[in-house]
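Q: Provide a 3D model corresponding to the input given below.
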Amino acid sequence: MDKIDKEIIRILQRNADLPLSEISKKVGLSTTPCWNRIRKLEEDNVILSRSVSINRYSVELPVMVFLSISVSSHSKEWATNFTDIIDKYDCILEAHRLTGSGADYQLKIVAKSIDEYDSFQQKLINELDFVQMASSISLRQLKDTRELPIT
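A: Got it, this is the predicted structure:
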């Protein structure tokens, strides 16, 4: 990946809807070579998707919760079952396996209300084999970006 590819990525991270003519102008290429580079970045799985960022308050999902989960089993079967369970729920935006903390996994979850989140958590409690769960409710989101610091 060269300097031009990185600049294309920076541009697309900020605005994936930018016309090809503007992207190519900004990186100093004609449209065909620029398009070929974008296609190659997609084929190489550097660019995974192009998406729209939505204001979660506008779509009535004001509650954001970080759910920490500690488990006793770290077997492949448990991990596969866990992945199958979390993949069922659209309200789970992110899931991470952790090290160096008291929890083994952390989920980022959105909900319409605390009551809705509580109902969801009760479903998880019935589906998962775990040792401990702890919910942290976000009071205010201070930063939200998907832009990676490409250098």
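
Q: tell me the domain boundaries of the chain?
A: Structural domains annotated on the chain: 3-43, 63-137, as defined by automatic domain parsing.

Q: out of the ones you listed, nearest to Thr145?
A: In terms of C-beta to C-beta, the element of the domains of the chain nearest to Thr145 is domain 3-43, at 8.8 Å. Using the backbone N, CA and C atoms, a C-beta is placed for each residue, glycine as well.

Q: from what I can see Leu29 touches Asp2, true?
A: No. Counting by C-beta atoms under 8 Å, Leu29 stays clear of Asp2, with 11.6 Å between them.

Q: who touches both of the two?
A: Overlap between the contact sets of Leu29 and Asp2, as judged by C-beta atoms under 8 Å, 6 or more residues apart in numbering, is nil.

Q: More neighbours: which of those two?
A: Legend: neighbour count by other C-beta atoms under 10 Å for Leu29 and Asp2, higher for Leu29 (17 against 7).

Q: Next one, pLDDT for the more buried one please.
A: At Leu29, the model reports a pLDDT of 97.

Q: Please name the bridge partners of the residue most central in space within the chain.
A: In the chain, the residue lying closest to the centroid (C-alpha atoms, centre = their mean) is Glu94, at 5.1 Å. Beta-bridge pairing for Glu94 (DSSP bridges): Lys108.

Q: how about the residue located most distally from the centre of the chain, what does it touch?
A: Farthest-out residue of the chain from its mean C-alpha position, per C-alpha atoms, centre = their mean: Ser30, at 32.7 Å. Ser30 is in contact with Ser24, counting by C-beta under 8 Å, 6+ apart.

Q: how close does it sit to Leu18?
A: Distance from Ser30 to Leu18, counting by C-beta to C-beta, to the nearest Å: 16 Å.

Q: same thing with Ser113?
A: To Leu18, Ser113 is 37 Å away according to C-beta to C-beta.

Q: And for Ile92?
A: Ile92 is 30 Å from Leu18, where distance means C-beta to C-beta.

Q: Of these two, which one has the most company?
A: Counting neighbours by other C-beta under 10 Å for Ile92 and for Leu18 shows that Ile92 has the greater number, 17 against 12.
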